[in-house]
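Chemist: Okay, sequence plus prediction incoming.
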Amino acid sequence: MATQAQLLLVGSGMDPAQVPSSLQHLEDGQQAGYHMGTEVTRSSSYTRKSQFQVEEEDIEKLEIRYLLQPRDNGNKSSKTDDLGSLRLNICYTEDYVLPSEYYSPLKTLLLKSPDVQPISASAAYILGEICRDKNDAVLPLVRLLLHHDKLVPFVTAVAELDLKDTQDANTIFRGNSLATRCLDEMMKIVGGHYLKVTLKSILDEICESSKSCEIDPIKLKEGDNVENNKENLRYYVDKLFNTIIKSSMSCPTVMCDIFYSLRQIATQRFPNDPHVQYSAVSSFVFLRFFAVAVVSPHTFHLRPHHPSSFKETFMCEFFKMFQEEGYITAVKKFLDEISSTETKVSSGTSEPVHLKEGEMFKRAQGRTRIGKKNFKKRWFCLTSRELTYHKQPGKDAIYTIPVKNILAVEKLEESSFNKKNMFQVIHTEKPLYVQANNCVEANEWIDVLCRVSRCNQNRLSSFHPSAYLNGIWLCCQETSESTPGCKPCTAGVPADIQIDIDEDRETERIYSLFTLSLLKLQKMEEACGTIAVYQGPQKEPDDYSNFVIEDSVTTFKTIQQIKSIIEKLDEPHEKYRKKRSSSAKYGSKENPIIGKTS
């Protein structure tokens, strides 16, 4: 049986039998985790008049274990002069992780959640409804769904449910709902590397530099120059801003997929608001991701401690920049890039995002000779869905390359056609060779094409830097057109985030949460029955007004499935608990010494 306790102890003169000695976690029937070693300080280490000082050699560590429990009478000892004081805030969790086969029914039920209609009748959503603290449910749930590639459809469905109750587009995704908590946790899990490569070097520079950025008159130190500090502050804000808006290539694929979904459902909910597609994404990536990392970098392990006191001012200046007229275009471009991916589950009916267009030269497909006539001026247009070129703007497309078919975008060596500023779009058919008007334009097209196709499943790891002409690759002299590339691709793709997730352990945690919330689960079941049977006016809203029940019949069936699975899991847990307590040595982690109680 899994247990969880939160204890706050404020005492002076605790009996050694009341001191916690271990916080353990059981995995696969074995003890694993960390412990707090019991330490006894000799009286010679300090006196009544001196401060409490402990030397390493004055510490004796006990190997026996004691059960943490409250004082007998709840009052402080009368002999406080001879005793120290101890204040503890402890969250104690103990899970018994069984072999994998025991968790298959519960795991299967949870993984079906994204497909349940309505989503509020799914096991995953019900878990969030009945847990006293949603955060307890979110972590194991997100990790399990993420491990099985089910997180994106689940969060999309839950976020869509949230939007039904949102009346003002300006407050979109501002609450602490199950959807927003799942997204917060997901970004913590998969976004750490993204933040590290994007922000760490700048945050290190800010925190370690001797330059003062304080502009608050009350906090200024003697000798500080406000104008110089303003310049320093603006320098760091500019640097951080420019780094972020150029970082979309590093944004993890799963974050891009969810941002894409949020953008689509927000646009559907508020079709007359042209800005909601951006605020739906910015409310997470800026307010809940980058802002948290900058204000509290230790949260994401970017810095060991809080930054200096200028952080509030820094954040104010930082977010002012996002609203300045000259920077809005860059911000929108960044949001387009991290939320324009075509997902696997996309229906294709949503409006594609326009990314870039312009006039360039392209080489005719299938030509073998080199000549000026082979290069024709065309109007190129790129959206989140496809790359097309036309004879003129507004005309029908002559040729279309779906974004999902792009395998790589790389520069082409000048020697291929004796032309500068060339690049190639390698896709499932023949490569498309394009000449831009200048090097800046070429780099811009390469950059945006790489960003929009970065999540494609079959991107190449190598390419040919020269063209295939007259039956030969000019770079490596290979004759087969299907020969793998001879040079590594230079355009990076998001790192394939590998997360160490023990799905049995996460499922066990979810089982424990269901077990602890059985009373509330029972109330939810009764509420479903009341709604299904009683069709008249609602007389006692308190019975089920706190639950989201859209379909009482489907929700009732899911709850019955949950209860049945939990009951079956109770048996092996109880059996193991008895076996463990009877065979464990007295004074061990498994069977700690229990002090006297009144």
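Modeler: Structure's in. What do you need?
Chemist: per-domain residue ranges of the chain.
Modeler: 3-94, 192-338, 354-488 (automatic domain parsing).
Chemist: Using JSON lines, please lay out those together with distance to Ser552, mean pLDDT and mean neighbour count.
Modeler: Just so you know, the C-beta spots here come from the backbone N, C-alpha and C atoms, and that holds for glycine as well. Converted to JSON lines, those look like this (distance: least, CB to CB, whole Å; pLDDT from 0 to 100; neighbours: other CB atoms under 10 Å):
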{"stretch": "domain 3-94", "distance to Ser552": "30", "mean pLDDT": "47", "mean neighbour count": "13"}
{"stretch": "domain 192-338", "distance to Ser552": "25", "mean pLDDT": "83", "mean neighbour count": "17"}
{"stretch": "domain 354-488", "distance to Ser552": "39", "mean pLDDT": "87", "mean neighbour count": "16"}
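Chemist: Show me the one of those that comes nearest Asp551.
Modeler: domain 192-338 (20.0 Å; CB to CB).
Chemist: Checking my notes, Gln560 in a strand, right?
Modeler: No - using DSSP: H, G, I helix; E, B strand; the rest coil, the assignment for Gln560 is helix, not a strand.
Chemist: I figured it was touching Glu525, is that so?
Modeler: Yes - counting by CB atoms under 8 Å, Glu525 is a contact partner of Gln560 at 7.4 Å.
Chemist: Between these two, which is the more surrounded one?
Modeler: For Gln560 versus Glu525, neighbours defined as other CB atoms under 10 Å are more numerous around Glu525 (18 against 12).
Chemist: That one reaches Ile559, doesn't it?
Modeler: Yes - in this structure, Glu525 is within contact of Ile559 by CB under 8 Å, at 4.6 Å.
Chemist: quick revisit: closest to Phe154 out of the domains of the chain?
Modeler: Here domain 192-338 is closest among the domains of the chain (CB to CB), at 10.1 Å.
Chemist: Let me see the contact set for the residue nearest the centre of the chain.
Modeler: Against the mean C-alpha coordinate of the chain, by CA atoms, centre = their mean, the closest residue is Met187 at 1.6 Å. By CB atoms under 8 Å, 6 or more residues apart in numbering, the contact set of Met187 is Met255, Phe284, Arg288, Phe289.
Chemist: same deal with Tyr468?
Modeler: Per CB under 8 Å, 6+ apart, neighbours of Tyr468: Pro431, Leu474, Glu481.
Chemist: can you redo those as a markdown table with secondary structure and distance to Ala124?
Modeler: Shown next, in a markdown table, are the contacts of Tyr468 (DSSP: H, G, I helix; E, B strand; the rest coil; distance: CB to CB, whole Å):
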| residue | secondary structure | distance to Ala124 |
| --- | --- | --- |
| Pro431 | coil | 44 |
| Leu474 | coil | 55 |
| Glu481 | coil | 49 |
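Chemist: quick one: which of these is nearest Glu317?
Modeler: Nearest to Glu317 among those, with distances taken as CB to CB, is Pro431, at 45.8 Å.
Chemist: which residue packs closest to that closest one, ignoring adjacent ones?
Modeler: Nearest-residue entry for Pro431: Gln424, 4.8 Å, with adjacent residues in sequence omitted and distances by CB to CB, 6 or more residues apart in numbering.
Chemist: same deal with Leu569?
Modeler: Per CB to CB, 6+ apart, closest to Leu569 is Tyr511, 5.5 Å.
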